[in-house]
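[1] test case, fold it:
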Amino acid sequence: MCHSVNLGYLDPATVDLNAFAADPGTMVVPRAGEILFRLKR
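    Reported below is the predicted structural model:
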């Protein structure tokens, strides 16, 4: 599914959130999945 929308796949164990947060072009949202789940309901 991820590949079909050109997102690829990242293993959650290998994701370095600090590196993403240091990039000014990247927005990091803590607990984004929880927020999206609540919006969908």
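[2] buried sites along the longest helix along the chain?
    As assigned by DSSP state H, the longest helix anywhere in the chain is helix 32-40. Taking 16 or more other C-beta atoms under 10 Å as the neighbour-count basis, helix 32-40 is seen to contain no buried residue. Bear in mind the C-beta positions are built from the backbone N, C-alpha and C, glycine included.
[3] quick one: average confidence on it?
    For helix 32-40, mean pLDDT rounds to 83.
[4] which residues touch that helix?
    With C-beta atoms under 8 Å, 6 or more residues apart in numbering as the contact definition, helix 32-40 has outside contacts at V29.
[5] ok, stretch 21-29 next?
    Contact partners of stretch 21-29, identified using C-beta under 8 Å, 6+ apart, comprise 17, 20, 35.
[6] which ones are touching the second one?
    In this case it means F20. 26, 28.
[7] so which strand or helix has it?
    helix 17-22 (DSSP states H and E).
[8] now the longest helix of the chain, how far from the centre of its chain.
    Here helix 32-40 is found 12 Å from its chain centre; the criterion is C-alpha atoms, centre = their mean, to the nearest Å.
[9] okay, now the unreliable bits of the protein?
    Counting by pLDDT under 70, the chain shows low-confidence ranges at 1-7, 40-41.
[10] mind running it again at 80?
    Applying pLDDT under 80 to the chain picks out residues 1-10, 40-41.
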